[in-house]
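In: A structural model of the following input is requested.
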Amino acid sequence: MAQDNVDVIQTAWDAFGRGDIDKATSVVDPSAEIVASDSLPWGGTYHGPEGFKELLANLLGHFEKFEPRPEKVLGADDDHVVVLANISARTKGGQDLETQAVWLYKMRNGQVIRADLFVDTARTLERYLPLAAAVLVLVTLLFFGIATRSAVLPVKAVLMNLLSLGATCGILVLVFQDARLQGALGYESQHALVLALPIVLGAGAFGLLTDYGLFLLMRIKEAREEGLPDPEAVALGLERTGRIITAAACLFCLAVGPFATSEVLLLKEGVVAIATTVLLDAFVVRPFLVPSLMVILGRWNWWPQKMPPPSR
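Out: As a prediction, this is how the structure comes out:
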């Protein structure tokens, strides 16, 4: 039975490769659901053979060429077939794309009753991204708390990091999803962001922001422990670290900037994302928002630690 299901799917793939769409969709049950990730421009739920044809039409409408080819069957049983597909595509602007995707077919009586396309990455992110984000935040809070002996500063640092990341996501949507600066950056918009981008931001940008933030807060803490009032301690800490953080951010962007010319969209978006986050943090968040909030909070910055009274 499992091999029969594989043969059905292989027949459909062969027909699609020959351009025989009617034959390719004949294996789809009239009540079938074809689900494509909502994160894609052509994503959504389609129904039956006509829905499958609509999905293919939407795909071909976004690409000059779209050629999926089965690489291998990852698994099959009496009810399911899992296929790893190589996808070769060319956008309307002539940009060539090569990728792989896992397509899951649910079978019944030799017919496809459900197909999940392009959803393996999205499902993995939906399942594990909240856990990864929670671990990232908790570890950051823990180490910030150990370093500063404060319960307030770690929370403030995480919030400032999230503010920088949120602003970056808005800029990425404006540039890549809304198709701005296509000529300058040398890409053609797919009207969606690369699914793996949250991993790049979480693993790369969040770590850099945490590093800069801890560097600044430790200098402010040292000045406060020397007996300076909170406003003066903040000013001195900013004076000691401002030029270093700004220079480090600029040098980092100069180092990674050339990779933004890559034709690999994930690399291009990732570099722009990290560089934008670092620059926003170095020129807006660290010199303005962080010091302002620390002056407003005053002695509550160090709670529950008791700082010595100001010497002057």
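In: contacting residues around stretch 24-40?
Out: 8-9, 11-13, 15-16, 42-49, 51-53, 55, 108, 110-119, 121-122, 190, 192-193, 195 (Cβ atoms under 8 Å, 6 or more residues apart in numbering). Every C-beta, even on glycine, is put in place using the N, C-alpha and C of the backbone.
In: shaky segments in the stretch 1-150 of the chain?
Out: Counting by pLDDT under 70, the ranges of the stretch 1-150 of the chain that qualify are 1, 38-39, 93-95, 118-123.
In: number of residues surrounding the residue lying closest to residue 287 once chain neighbours are set aside?
Out: Nearest residue to residue 287, sequence neighbours excluded (Cβ to Cβ, 6 or more residues apart in numbering): residue 242, at 6.1 Å. By other Cβ atoms under 10 Å, 16 other residues sit near residue 242.
In: how much space between residue 242 and residue 229?
Out: According to Cβ to Cβ, to the nearest Å, residue 242 stands 19 Å off from residue 229.
In: same thing with residue 76?
Out: In this view, residue 76 and residue 229 are 71 Å apart by Cβ to Cβ.
In: quick check: domain ranges of this protein?
Out: Using automatic domain parsing, the domain ranges for the chain come out as 2-118, 121-302.
In: returning to what we had before: which among the contacts of stretch 24-40 count as buried?
Out: 8-9, 12-13, 15-16, 42-43, 46, 48-49, 51-53, 55, 111-119, 122, 190, 192-193, 195 (16 or more other Cβ atoms under 10 Å).
In: inside helices: which ones of these?
Out: Within these, residues falling in helices by DSSP state H are 8-9, 12-13, 15-16, 48-49, 51-53, 55, 122.
In: in the chain, mark out all the helices, start to finish.
Out: Under DSSP H, the chain gives helices at 2-18, 21-25, 48-62, 120-148, 153-172, 182-185, 197-200, 206-225, 230-256, 265-280, 290-297.
In: return the most buried member of those helices.
Out: helix 265-280 (a mean of 21; mean count of other Cβ atoms under 10 Å).
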